[in-house]
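Asks: 3D, please:
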Amino acid sequence: MNGIEQSLIGGVEGGTAILLPSLGELIGELSGVINLGTEGCMLAGALGAYAVAVTTGSALLGILGGIAAGAFFGLIHSYLSVYRKADQLASGLVVWFLALGLTSVFGTGYVNDSITPLTIISIPGLSKIPWIGPILFKHDILVYLSYALVVALVVILKKTRLGLLLRATGERPEVVGVAGNRPALVQLIAVTLGAGLAGIGGAQLSVGYVGNWFNDMTSGYGFIAVAVVLFASWKPARVMVGAYLFGVVLAASSVLQAHGIAVNQYLLDSLPYLATLIALIAVSKKGGSNAPEALTRALTDTT
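Replies: Numbers count the residues shown, from 1 in each chain. Reported below is the predicted structural model:
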């Protein structure tokens, strides 16, 4: 297996840990709420999943623990932002700091534990296709779940009443309220659900991709997820592409080292964040924005 194929395979595996929270952030932002605490929700999900997996011996039960942990912190952020009218950016950062502190305290006891990570599932027939098979169809269940979620989101947002309600809430919540719906409740559910997906992203790291736990293991993935949504102009399919691009950059760092290419480790570690910065600059130069109107208003009010 050559370095390019290794990077692409690793890009899908590691990119899934970015894709899942990105999809969750997409749902929240479409409702009009940004969550800079996505990093914290991922951390909580990673520890929650690992702790449950260690306790029960089941990585699948661990995933449920990751969902619950991520959703809990998302609920805190959504309540503060939606019902208490707190500054969305400040609330998100508070959630991140809170999750960082709590996971550092309660996660210390799990550093030396070990678990059996999620089983790799080869899709019959498809996994045998040269190049494409190993890259796309030889992964754990969370990778396949992410594929399904992208398709489901595209259909829901374009074809269903639920998607219309979500998008309308993100554009004109006052109009949604006049129509007899409860925009605040829509936002609360959307942000909490999105944080649950961030929790699954954390679980992908701890019980899937990495297979262990260490403090601050998400290493900025949650912030990359927020940038990916902007980079993708709030489109699920573009979010998938953007997440995998970042995943390939992350995987390439390890592949270069494995092949003995002398590149400064600090430079390799900075690649994902450099890529995030480039993406933000590229989007800002386009002019205009596809951001939901309620989200734009909320961010404008904070500045």
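Asks: Where do the strands of the protein begin and end?
Replies: 121-122, 138-139 (DSSP state E).
Asks: Tell me which of those strands is the most buried.
Replies: By mean neighbour count, with neighbours taken as mean count of other Cβ atoms under 10 Å, strand 138-139 ranks first of those at a mean of 21. In short, each C-beta sits where N, CA and C put it, glycine included.
Asks: Is it possible to get TSV of the strands of the chain that adds distance to I261?
Replies: Output for these, formatted as TSV (distance: least, Cβ to Cβ, whole Å):
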stretch	distance to I261
strand 121-122	30
strand 138-139	26
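Asks: okay, these in TSV with mean pLDDT next?
Replies: Shown next, in TSV, are these (pLDDT from 0 to 100):
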stretch	mean pLDDT
strand 121-122	96
strand 138-139	95
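Asks: I'd like to know which of those lies nearest to G74.
Replies: Among these, the nearest to G74 by Cβ to Cβ is strand 138-139 (25.7 Å).
Asks: still on that earlier bit, relative to Y50, which of the strands of the chain is closest?
Replies: Checking the strands of the chain against Y50 by Cβ to Cβ gives strand 138-139 as the closest, at 19.2 Å.
Asks: Go ahead and name everything in contact with the closest one.
Replies: With Cβ atoms under 8 Å, 6 or more residues apart in numbering as the test, strand 138-139 has contacts from 9, 12-13, 16, 120-123, 127.
Asks: Separate out the buried members of those residues.
Replies: 9, 12-13, 16, 127 (16 or more other Cβ atoms under 10 Å).
Asks: ok, how many other residues are close to V151?
Replies: Using other Cβ atoms under 10 Å, V151 has 12 neighbouring residues.
Asks: got the contact list for it?
Replies: Applying Cβ under 8 Å, 6+ apart to V151 gives no contacts.
Asks: hmm, try it at 10 Å
Replies: 236-237, 240 (Cβ atoms under 10 Å, 6 or more residues apart in numbering).
Asks: Show the average pLDDT along stretch 65-85.
Replies: If you average the pLDDT over stretch 65-85, you get 97.
Asks: for stretch 10-23, same thing?
Replies: Mean predicted lDDT for stretch 10-23 stands at 94.
Asks: Contact partners for the residue nearest to S104 when sequence neighbours are not counted?
Replies: Nearest residue to S104, sequence neighbours excluded (Cβ to Cβ, 6 or more residues apart in numbering): N215, at 5.0 Å. The neighbours of N215, taking Cβ under 10 Å, 6+ apart as the test, are 43, 47, 100, 103-105, 107-108, 110-111.
Asks: okay, the residues you listed in TSV with pLDDT and distance to F231 next?
Replies: TSV is the format used below for the contacts of N215 (pLDDT from 0 to 100; distance: Cβ to Cβ, whole Å):
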residue	pLDDT	distance to F231
L43	97	22
L47	97	28
L100	96	25
T103	97	27
S104	95	30
V105	96	34
G107	95	30
T108	93	35
Y110	94	33
V111	91	34
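Asks: Pick the one among those closest to A294.
Replies: Among these, L43 lies closest to A294 (Cβ to Cβ), at 27.5 Å.
Asks: Isn't the closest one up against A69?
Replies: Yes. Using Cβ atoms under 10 Å, L43 is in contact with A69, at 8.8 Å.
Asks: Next, show the common contact partners of these two.
Replies: Joint contacts of L43 and A69 (Cβ under 10 Å, 6+ apart) are 99, 102-103, 198-199, 202.
Asks: Which one (most neighbours) among these?
Replies: Ranking the shared contacts of L43 and A69 using other Cβ under 10 Å puts A198 first, with 40 neighbours.
Asks: looking at it, that one is touching V229, isn't it?
Replies: No. The criterion here is Cβ under 10 Å, and A198 misses it with V229 at 11.8 Å.
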